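[1] The amino acid sequence is not available; the structure is as follows:
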């Protein structure tokens with residue numbers, strides 16, 4: 001039986017675990033406190049046993065205090081393991097590209113994600129597949145939710161674009177990568193777009209006014225840093241090598257699909273069909 005050990009059952013990694021569990025895999029995950037049947041991250045004996053038993057190991061743990069805690073604590077065991085290794089990284093490792101396209105050959109380490117870039121490089125060095133992820137959206141975590149909650153905004157920042165991906169497309173990309181060579185893979189949709197356009201489209205789907213404009217000065221330091229980076233993320237390698245393609249190739253398709261499954265139930269029922277033989 002295939003056995004997956006997941007370091008850090010966050011939003012995306014939990015959905016990878018769910019998909020593989022449904023396919024008959026044995027999946028074990030770690031959390032800081034060992035909640036809900038997981039293994040506590042610092043339970044070295046239990047984690048070591050799972051590393052030894054795993055056929056696949058995936059980490060979604062971001063750097064903390066400038067270091068990758070998984071590699072610091074369990075790196076020697078991972079080096080001795082024969083398991084497939086995967087790491088959920090970020091396209092933030094590319095830094096600012098001035099709106100240009102970046103692929104996996106672009107240098108990493110610039111901008112505000114130096115620790116993430118170092119972790120990305122360290123996982124590559126031990127033979128992992130690093131999945132560089134852009135803005136992630138999906139059920140319970142999308143522009144639709146932010147618009148509904150009154151937390152969405154637009155910023156007057158001409159020419160600023162971001163790449164993003166529906167979480168289900170990321171899950172399918174990671175799973176496709178389990179049969180792929182070690183290396184870095186960008187998992188992103190086909191249409192980098194302005195955050196303003198995305199927020200306005202989400203509001204339109206909900207029948208609400210487009211979010212108000214705010215200035216960069218109104219944002220947190222993290223938010224301002226986010227807007228200092230401008231790039232388009234190319235996904236050609238993932239398509240060629242993994243045989244992967246996004247089911248939702250742009251934010252419009254992805255948000256329409258999310259809205260269809262989260263919209264309120266109509267107050268009136270549809271009329272009965274005229275014939276049971278209708279197709």
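    Nice, thanks for sending it over. What you see is a predicted model; the values in this text were computed from it and never measured.
[2] which stretches of the stretch 51-200 of the chain form strands?
    With strands called from DSSP state E, counting those that start in this stretch, the stretch 51-200 of the chain shows them at 56-59, 84-90, 101-102, 129-133, 135-137, 154-155, 164-166, 183-186.
[3] mean pLDDT lowest for which of the ones you listed?
    Between the strands of the stretch 51-200 of the chain, the one with the least mean pLDDT is strand 154-155; it has a mean of 93.
[4] So in that sheet, which strands flank that one, and in what orientation?
    Strand 154-155 has these partner strands in its sheet, going by DSSP bridges: strand 213-214 (parallel).
[5] Quick one: residues in contact with stretch 25-38.
    1-9, 13-14, 17, 20-21, 39-41, 43, 47, 50, 54 (C-beta atoms under 8 Å, 6 or more residues apart in numbering). (C-beta placed from N, C-alpha, C; glycine too.)
[6] same question, stretch 206-226
    With C-beta under 8 Å, 6+ apart, stretch 206-226 has contacts from 112, 144, 147-148, 152-157, 199-200, 203-204, 227, 259.
[7] quick one: which of the residues you listed sit in helices?
    144, 147, 148, 199, 200, 203, 204, 227, 259 (DSSP state H).
[8] How many residues are close by residue 25?
    If you count neighbours by other C-beta atoms under 10 Å, residue 25 ends up with 15.
[9] and the gap between it and residue 128?
    For residue 25, the distance to residue 128 equals 19 Å [C-beta to C-beta, to the nearest Å].
[10] And residue 116, by the same measure?
    Per C-beta to C-beta, residue 116 is found 14 Å from residue 128.
[11] Residue 260 now?
    As judged by C-beta to C-beta, residue 260 and residue 128 stand 36 Å apart.
[12] Between those two, which is the more surrounded one?
    Using other C-beta under 10 Å as the criterion, residue 260 and residue 128 rank with residue 128 on top: 23 against 9.
[13] is the closest residue to that one other than its chain neighbours in a bridge, and if so with what?
    Leaving aside its sequence neighbours, residue 128 sits nearest to residue 85 (C-beta to C-beta, 6 or more residues apart in numbering; 3.8 Å). Note on residue 85: beta-bridge partners by DSSP bridges are residue 57.
[14] contacting residues for residue 85?
    Neighbours of residue 85 in contact, by C-beta under 8 Å, 6+ apart: 57, 58, 78, 123, 126, 127, 128, 129, 182.
[15] Wait, the third one touches residue 50, no?
    So that's residue 78. No: counting by C-beta atoms under 8 Å, residue 78 stays clear of residue 50, with 11.6 Å between them.
[16] burial measure for residue 79, as a count.
    12.
[17] So it versus residue 46, what's the distance?
    From residue 79 over to residue 46 (counting by C-beta to C-beta), the distance is 19 Å.
[18] what element comes up after the least confident helix or strand in the chain by mean pLDDT heading to the C-terminus?
    Lowest by mean pLDDT, DSSP states H and E among the helices and strands of the chain is helix 221-227, with a mean of 82. Next along the chain after helix 221-227, taking DSSP states H and E as the criterion, comes strand 232-233.
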